[in-house]
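*Asks:* Sharing a sequence plus its predicted fold:
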Amino acid sequence: MRWLPLSFVVASVLFASSVVAQQVETQAGSRQRRYVEGAVSHYLMTGDNDGRKYSIQATDVVKRDATSGRYYEEISWSDLTSSTQQSLTPASLALRQTVSLDDPASYMKMPNLAVVQPLMIGPITDTLTFYSDLLLAMRANLIQSGQTAYVPRVTPNSWADGHYVLVGQDVVDFSLKVESANLAEHTETLLIQHVPPPALHIQLPAKWMQGAATTTPNNFVQVSKQGDEFIAETGRETFDVRLVVDTGDGHMLSAAMHNPVVLAVRTCTDRELTKCGPESSKTILREITWKLVP
């Protein structure tokens, strides 16, 4: 699909969270993450990436920066099982990923994906997406059942490298909602939807790409070079992310992602995409879960 799956979604969420922080005043009783240094949590992540399945365990340790005094979480990965019968490489086992709802500017960053096996790109970037979505909801001050917020974006993300991927763009708005609250269990369920904007913001290099199948314009485009041919794809990418959060300390209890991409695809013989074969359709579906385990 794309050259760096989901990494730009994380950048979008971090940008949008800063916008929300400027738009929303901090109120008493707003949701916060209350960290305890040394706390250890274990999560089980499962993934179905268009039929390729895996499960993997994440061990999360809360640490405190000795200089700033701010808290962050350090995640290590283990116990991989997959339909491709892979095991974790020494480099993947050694990786330490950081996230933080206390100091996202310092710790909510993409680790060096070049050192890990390709299968690990999904778990790493999906974890960043879950935490970035939670950060966005917290900064929108979503604390009551039924409460909503909407954050628009007009600037596309780009993953074009100029060699393999000649054009690569997407853009999403963020629709946030407190779907439910369980007072007895001290939990709330948040729905964060990454949705196509109502107006076209990506650059479509060919006229045939502009015919959207629905009333909402396309929000995904990629043109990649394969030998002497050019593979042109355009369509709609969405994410539905549901997070269950402990309202006492802001701790994430579980997360689930539904990520369909519906594309129109043509193989062309010229870079201008005017000499192309017949259009075909392609649907990519990713289902990811993340759950706190004993």
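*Replies:* That came through, no problem. Remember, it's a predicted structure, so these values are computed and weren't measured experimentally. Numbers count the residues shown, from 1 in each chain.
*Asks:* Please work out which residues outside stretch 36-55 touch it.
*Replies:* Residues from elsewhere that reach stretch 36-55 (C-beta atoms under 8 Å, 6 or more residues apart in numbering): 56-64, 71, 79-84, 119, 122-123, 126-127, 249, 251, 284-294. In this view, the C-beta of every residue, glycine as well, is placed from N, C-alpha and C.
*Asks:* Return the subset of those lying in helices.
*Replies:* Judged by DSSP state H, helices contain the following of these: 122-123, 126-127.
*Asks:* Could you identify which of the residues you listed has the most neighbours?
*Replies:* Ranked by neighbour count (other C-beta atoms under 10 Å), the ones in helices among the contacts of stretch 36-55 have Asp126 at the top, with 26 neighbours.
*Asks:* per-residue confidence for the nearest residue to that residue once chain neighbours are set aside?
*Replies:* Spatial nearest neighbour of Asp126, chain neighbours left out: Ile288 (5.1 Å); criterion: C-beta to C-beta, 6 or more residues apart in numbering. Listed pLDDT for Ile288 reads 97.
*Asks:* Over to the one 3 residues further on?
*Replies:* In the predicted model, Lys291 carries a pLDDT score of 98.
*Asks:* OK, contacts around it?
*Replies:* 43-45, 253-255.
*Asks:* Okay, it and Asp50: tell me how far apart.
*Replies:* 22 Å (C-beta to C-beta, to the nearest Å).
*Asks:* What are the boundaries of the strands in this protein?
*Replies:* Along the chain, counting by DSSP state E, strands occupy 40-49, 52-64, 71-82, 97-99, 148-151, 157-158, 165-170, 173-182, 187-195, 220-226, 229-237, 239-246, 252-268, 280-293.
*Asks:* List the strands paired with the shortest one, with their directions.
*Replies:* In its sheet, strand 157-158 lies beside strand 165-170 (antiparallel), with partners assigned from DSSP bridges.
*Asks:* for the last one, same thing?
*Replies:* Strand pairing for strand 280-293, using DSSP bridges, gives strand 40-49 (antiparallel), strand 252-268 (antiparallel).
*Asks:* Deepest in the core, which of those strands is it.
*Replies:* Most buried of those, by mean neighbour count (mean count of other C-beta atoms under 10 Å): strand 252-268, with a mean of 19.
*Asks:* In TSV: the strands paired with strand 280-293, plus distance to Tyr164.
*Replies:* Output for those, formatted as TSV (distance: least, C-beta to C-beta, whole Å):
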stretch	distance to Tyr164
strand 40-49	20
strand 252-268	15
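*Asks:* Any chance of a markdown table for these, columns mean pLDDT and distance to Val223?
*Replies:* Converted to a markdown table, these look like this (pLDDT from 0 to 100; distance: least, C-beta to C-beta, whole Å):
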| stretch | mean pLDDT | distance to Val223 |
| --- | --- | --- |
| strand 40-49 | 97 | 22 |
| strand 252-268 | 95 | 8 |
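*Asks:* Nearest to Cys276, out of those?
*Replies:* Nearest of the strands paired with strand 280-293 to Cys276, taken as C-beta to C-beta: strand 252-268 at 4.0 Å.
*Asks:* now the closest one and strand 52-64, what's the angle there?
*Replies:* With axes from the mean of the first three to the mean of the last three C-alpha atoms, to 10 degrees defining the directions, strand 252-268 sits at 130 degrees from strand 52-64.
*Asks:* Could you give the separation of strand 252-268 from the chain centroid?
*Replies:* Centroid separation for strand 252-268 versus its chain: 10 Å, with C-alpha atoms, centre = their mean, to the nearest Å.
*Asks:* just the angle between it and strand 187-195, please?
*Replies:* 10 degrees.
*Asks:* Now do strand 252-268 and strand 220-226, the angle between them.
*Replies:* For strand 252-268 against strand 220-226, the angle by the same axes, to 10 degrees is 60 degrees.
*Asks:* hang on, the earlier thing: the residue nearest to Asp126: how many residues sit nearby?
*Replies:* 24.
*Asks:* That one touches Arg242, doesn't it?
*Replies:* No - the criterion here is C-beta atoms under 8 Å, and Ile288 misses it with Arg242 at 10.9 Å.
*Asks:* Between these two, which contacts overlap?
*Replies:* Counting by C-beta under 8 Å, 6+ apart, the common neighbours of Ile288 and Arg242 are 255-256.
*Asks:* least reliable of the strands of the chain going by mean pLDDT?
*Replies:* Looking at the strands of the chain, the lowest mean pLDDT belongs to strand 157-158 (a mean of 82).
*Asks:* Figure out which of the strands paired with strand 280-293 is closest to Val165.
*Replies:* With distances scored as C-beta to C-beta, the stretch of the strands paired with strand 280-293 nearest to Val165 is strand 252-268 (14.6 Å).
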